[in-house]
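J.: next one to model:
(chains A, B, C and D)
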Protein chains: 4
Amino acid sequence: MAKWVNENKAEIKKVVEATDPFIKFNDVVPYQTANNLFLRFIYDTGDAMGMNMATIATDKTLAYIENKFPFLKHVALSGNMCIDKKPSALTLIEGRGISIVSEVVIPKDVVAKMLKATPEGVAEVCYRKNLLGSAKAGALGFNSHVANIVAAMFLACGQDAAHVVDGSHGFTTAEVNENGDLYVSVTLPALMVGTIGGGTGVGSQMEALKIIGVAGGAKEAGRNSKTFAEIVAGAVLAGEISLMGALAARHLTQAHVRLNR
Amino acid sequence: MAKWVNENKAEIKKVVEATDPFIKFNDVVPYQTANNLFLRFIYDTGDAMGMNMATIATDKTLAYIENKFPFLKHVALSGNMCIDKKPSALTLIEGRGISIVSEVVIPKDVVAKMLKATPEGVAEVCYRKNLLGSAKAGALGFNSHVANIVAAMFLACGQDAAHVVDGSHGFTTAEVNENGDLYVSVTLPALMVGTIGGGTGVGSQMEALKIIGVAGGAKEAGRNSKTFAEIVAGAVLAGEISLMGALAARHLTQAHVRLNR
Amino acid sequence: MAKWVNENKAEIKKVVEATDPFIKFNDVVPYQTANNLFLRFIYDTGDAMGMNMATIATDKTLAYIENKFPFLKHVALSGNMCIDKKPSALTLIEGRGISIVSEVVIPKDVVAKMLKATPEGVAEVCYRKNLLGSAKAGALGFNSHVANIVAAMFLACGQDAAHVVDGSHGFTTAEVNENGDLYVSVTLPALMVGTIGGGTGVGSQMEALKIIGVAGGAKEAGRNSKTFAEIVAGAVLAGEISLMGALAARHLTQAHVRLNR
Amino acid sequence: MAKWVNENKAEIKKVVEATDPFIKFNDVVPYQTANNLFLRFIYDTGDAMGMNMATIATDKTLAYIENKFPFLKHVALSGNMCIDKKPSALTLIEGRGISIVSEVVIPKDVVAKMLKATPEGVAEVCYRKNLLGSAKAGALGFNSHVANIVAAMFLACGQDAAHVVDGSHGFTTAEVNENGDLYVSVTLPALMVGTIGGGTGVGSQMEALKIIGVAGGAKEAGRNSKTFAEIVAGAVLAGEISLMGALAARHLTQAHVRLNR
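T.: The predicted structure is shown next:
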């Protein structure tokens, strides 16, 4: 069956795209374990997060395949290779939704002035905490507190709060570059975002999307959700710099106490 | 140093508990990687989720240790072995916050009537999706959609939305027992919850905690947060049964379409 | 760069295949983390395990790419996305070398006679140990003792002993089928084997390959190494049945004592 | 039951230590998932790797517990939380057998002369390959080729070849220190080694242990196996330095070609 799937993607594409004018079929990858075949469908759903249209398209495609091969037994519409709202290496490795890298170089004098720290100090915190510490914990999140900023942005902008799980995967790196300045990056493999549908049409959430100029569907399908992902990644990058700086300068507890959080 | 830590827990306990009347020191576990020593502190913070008091207590304890051993270099207050708000095997294995198992036996005729499914059908969905599918995905969440219910409960009851990440770890199992009835369980190793402090004192969130009878600190410290965790785990169990039942009965897409979600 | 790689696979294929008449280029997959681009090359190396020819082909291809894009900095020929001889979810998910499923149905009376156990008993051991136990351990090996048999076969047949690591990934499942018989399977995603080159030409190792009829290169390139993988997977399946049966019948310790192993 | 286990360790210790004069009980840790209780026993088995005596002691202890609590159902002597010969985060986090860190500082002129590389170059290879690359692969081995050296030493010295799997977990780090010299370390959480019993008494394997002065049981129980672990870790460290140096100097392929391996 895996073979049939690999050789008939054009046919599957046709079935998928007949279910909704807004869905584009990108690929389907078969994975076999024992007597189970897991199909991982990859769609482009434009500016919608698209879980609903993906579910419908997949259901219809499975019905089509079952009809063609009556010896197959359909067990579940989702076999967890999606792997929606669950921590997983697959999410870290192959990504889901929008995968994005956000990076910045901060001159060393700005690091000194704004963070009361040195590029070397921030890079060391990042290396020992985000990389070595997370590695020792068997983690899939090699970062400081990406989930905090993702959660804040998702709640403010009408995204699915359970997708904070997917958003928490990823990497923060900090390095001293050849000029002695600080390079910081965040790599977020799985931002499940949309600017149309779901909670994005609700009162203050829609207002928030409007303020940042990405509400609704863009003329170029997917442009708004990509821009929104860029904004989230930018905010996450700022959050990582802020926390790593506070740790390097040993200001974290003071900030907690002062802000009583 | 790991040796010193293991042999001086009574002393560390004294330092920790002097920082706050509400914090209890349970243990500290040292982990070494290369030239790094990670200390994982385990506290009982009663009905508070306790991140703030834990941060302060740990900071003071580290200052105490640094003062005693000036050759040590403090790198970061959190070295990610905590491992707060990040997907990790450590969270799945050792737990964080409250670890809880919730289980139920559903008679087969109730399964038939309410879920339009059989115990065997639900058990098979659970086995192939939650166990085999998640395993193949390198997942740390062997469940159907725990994060959805955790997110809903956390938002409604003033918990930290980024802790949905920790809450998404865990196991759902379904088995047909010797009477042909359906046993279902959820094992949630890391519910980071509190009923006092943080967002629990805010308007409708406090109201929600009051309605379910767990607002504020209990006379027996920790009783309210434990009861709240039980309620969350019960809701999660219901959500898992509902989704597995819908998948077994192939009603998922229809529900999505009807409810337009 | 990831874009260039994806759009120029035909060109890369030409460079790869010019390095050795026995190497076939299947694919190259780019993965980005921060300011790093990891390229995962997928080759067909016929009956050879092929690490040597893969290394040379990749080195030459990287030299070609560097020459084309002088702004790139080559850091290491292997960036660990290969991910050779290291436990990894990527190995479990996407596989390495030969990926294979081996399965059998054992009639219940044979289970009773040979294993002194029931299909239900073996299936329960498999479910609770190989699936639930491994899942709780954050494991990538959902099996009983696959590594033992892989190690034995690899040593006997001149394979690289360090590739036992890759071979230890994978799944063993056991189920009672609709006739009450026992279905058992092993899914091995990463058997790194060859029947020509390396240790396969050495004395008794070559002899062993000859006995099972797979020594050297086959007329149809890759046929011998695939057949050898099938034999390994069959032996692994037998080993899994034997151990699960012993556990179900509680004979493991007695066997250990009797055989003094 | 987890509670009973935690409160009756002295009793369990007595049962364990009555089974064999050479086994020492260190701890037993209960883990619960759904309706399953996994007990992870931690023993000191002196200079023996000790799988056999551990199996017997655990079997007798379980029989003792079952006898005491007849409502319990024993499913399998090993529930995979051991987690023997399987890749797992638990192995990386909590270790098995002997956990060891081996480190060295190499003056920068020695790095230049012997490795034809710079400390910065080696550190960069280590950071991007062993940390970032492995992290992206969802790996539990953050190293270059630890398994190769572990396999070689295990085969030469009569260890269990399948324990190469456990030995492949762990970390290699490389840093430029304040003098511009190169610090390199390996952290191996799970060397399953022994110098008495099993394959250690066989011809050339025993000879190899004798040459390095660790054959048989030491007067201070465990001294020989610990010394052997130190020697393995030293060899692994050398292997990591050699490969990272070759990658930094881009000599890997030339070495492969010259040595035809």
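J.: any chance you could map the strands in chain A?
T.: Taking DSSP state E to define them, one finds strands in chain A at A:24-33, A:36-44, A:98-106, A:141-142, A:170-176, A:182-191.
J.: how about the residues of the stretch 101-250 of chain A by chain C?
T.: With CB under 8 Å from any CB of the partner chain as the criterion, the stretch 101-250 of chain A comes near chain C at residues A:Val101, A:Glu103, A:Gly138, A:Phe171, A:Thr173, A:Tyr183, A:Ser185, A:Thr187. No exception for glycine: its C-beta is placed from N, CA and C like everyone else's.
J.: and the closest residue to A:Lys24 other than its chain neighbours, how far is that from A:Cys82?
T.: Distance criterion CB to CB, 6 or more residues apart in numbering or on different chains; nearest residue to A:Lys24, sequence neighbours excluded, is A:Asp44 at 3.9 Å. Distance, A:Asp44 to A:Cys82, by CB to CB, to the nearest Å: 16 Å.
J.: same thing with A:Val125?
T.: Distance from A:Val125 to A:Cys82, by CB to CB: 34 Å.
J.: number of residues surrounding A:Asn6?
T.: By the measure other CB atoms under 10 Å in any protein chain shown, the count of residues near A:Asn6 is 11.
J.: ok, now A:Asp44?
T.: 12.
J.: and it, how far from A:Ala221?
T.: Applying CB to CB, the value for A:Asp44 to A:Ala221 is 8 Å.
J.: before we move on, what about A:Lys210?
T.: Counting by CB to CB - A:Lys210 and A:Ala221 are separated by 19 Å.
J.: which one's more surrounded, the two?
T.: More crowded of A:Lys210 and A:Ala221, by other CB under 10 Å: A:Ala221, with 16 against 12.
J.: residue contacts, that one?
T.: By CB atoms under 8 Å, 6 or more residues apart in numbering or on different chains, the contact set of A:Ala221 is A:Phe22, A:Gly46, A:Asp47.
J.: kindly report the same for A:Val164.
T.: A:Val164 sits next to A:Ala147, A:Val150, A:Ala151, A:Phe154, B:Ala151, B:Ala161, B:Ala162, B:Val164, B:Val165 when contact means CB under 8 Å, 6+ apart.
J.: what sits against A:Thr33?
T.: Counted by CB under 8 Å, 6+ apart, A:Thr33 has contacts B:Leu132, B:Ala135, B:Lys136, C:Val101, C:Phe171, C:Thr173, C:Thr187.
J.: ok, for A:Lys60, nearest residue in space, not its chain neighbours?
T.: Among residues not flanking A:Lys60 along the chain, A:Thr19 sits closest, at 5.0 Å (CB to CB, 6+ apart).
J.: dump the residue contacts of the closest residue to A:Ala174 other than its chain neighbours.
T.: Once flanking residues are discounted, A:Ala174 sits nearest to A:Cys126: 3.6 Å by CB to CB, 6+ apart. By CB under 8 Å, 6+ apart, the contact set of A:Cys126 is A:Ser144, A:Thr172, A:Thr173, A:Ala174, A:Val184, A:Met244.
J.: nearest to chain C, of these?
T.: Closest to chain C out of the contacts of A:Cys126 is A:Thr173 (4.3 Å), distances taken as CB to the nearest CB.
J.: distance-wise, check A:Val29 relative to D:Ala2.
T.: Relative to D:Ala2, and taking CB to CB, A:Val29 is found at 41 Å.
J.: my bad, should have said A:Leu37
T.: Distance from A:Leu37 to D:Ala2, by CB to CB: 38 Å.
J.: more neighbours: those two, which one.
T.: A:Leu37 (17 against 13).
J.: and the residue of chain A nearest chain C?
T.: A:Ala89 (3.2 Å).
J.: quick one: contacts for that residue?
T.: Shown in contact with A:Ala89 (CB under 8 Å, 6+ apart): A:Leu140, B:Ala137, B:Gly138, B:Ala139, C:Ala89, C:Leu90, C:Leu92, C:Ile93, D:Gly138.
J.: and A:Glu178, how many neighbours?
T.: 6.
J.: any regions of the stretch 51-200 of chain A where pLDDT drops low?
T.: By pLDDT under 70, the stretch 51-200 of chain A has no low-scoring segment.
J.: what segments of it are helices?
T.: A:51-68, A:89-94, A:108-115, A:119-125, A:134-136, A:146-156, A:164-167 (DSSP state H, counting those that start in this stretch).
J.: for D:Ile65, find the nearest of those helices.
T.: Taking CB to CB, helix A:134-136 is the member of the helices of the stretch 51-200 of chain A nearest to D:Ile65, at 32.6 Å.
J.: buried ones in the closest one, by neighbour count?
T.: By 16 or more other CB atoms under 10 Å in any protein chain shown, the buried positions in helix A:134-136 come out as A:Ser134, A:Ala135, A:Lys136.
J.: residues contacting it, please?
T.: For helix A:134-136, contacts defined as CB under 8 Å, 6+ apart pick out A:141-143, B:31, B:33, B:38, B:80-81, B:83, B:86, B:88, D:92-93, D:131, D:134-135, D:142, D:171.
J.: please repeat the previous calculation with a cut-off of 10 Å.
T.: If you take CB atoms under 10 Å, 6 or more residues apart in numbering or on different chains as the criterion, helix A:134-136 is touched by A:140-144, A:171-172, B:31-34, B:36, B:38, B:79-81, B:83, B:86-88, B:90, D:89, D:92-93, D:130-131, D:134-135, D:139-142, D:170-171, D:173, D:187, D:189.
J.: would you agree the residue nearest to A:Lys60 is in contact with A:Thr58?
T.: Yes: A:Thr19 is within contact range of A:Thr58, at 9.0 Å (criterion: CB atoms under 10 Å).
J.: which of these two has more neighbours?
T.: Legend: neighbour count by other CB under 10 Å for A:Thr19 and A:Thr58, higher for A:Thr58 (20 against 17).
J.: chain neighbours aside, what residue packs nearest to that one?
T.: The shortest distance from A:Thr58 to any non-neighbouring residue, by CB to CB, 6+ apart, is to A:Phe41 (5.4 Å).
J.: just the contacts of A:Thr33 now: which is nearest D:Lys73?
T.: Of those, the one sitting nearest to D:Lys73 (CB to CB) turns out to be C:Thr173, at 21.2 Å.
J.: who's that closest one bridged to?
T.: For C:Thr173, the beta-bridge partners are C:Ser185 (DSSP bridges).
J.: so who does it touch?
T.: Counting by CB under 10 Å, 6+ apart, C:Thr173 touches A:33-36, B:127-128, B:131-132, B:135, C:101, C:103, C:123, C:126-127, C:130-131, C:142-143, C:183-187, C:240.
J.: and what of A:Val15?
T.: By CB under 10 Å, 6+ apart, the residues touching A:Val15 are A:Asn8, A:Phe25, A:Ala57, A:Lys60, A:Thr61, A:Leu62, A:Ala63, A:Tyr64, A:Ile65.
J.: just read off the phi/psi values of the nearest residue to A:Gly46 once chain neighbours are set aside.
T.: Closest residue to A:Gly46 apart from its sequence neighbours, by CB to CB, 6+ apart: A:Ala221 at 3.7 Å. Phi and psi for A:Ala221, reported as degrees, to the nearest 10, are phi -50, psi 130.
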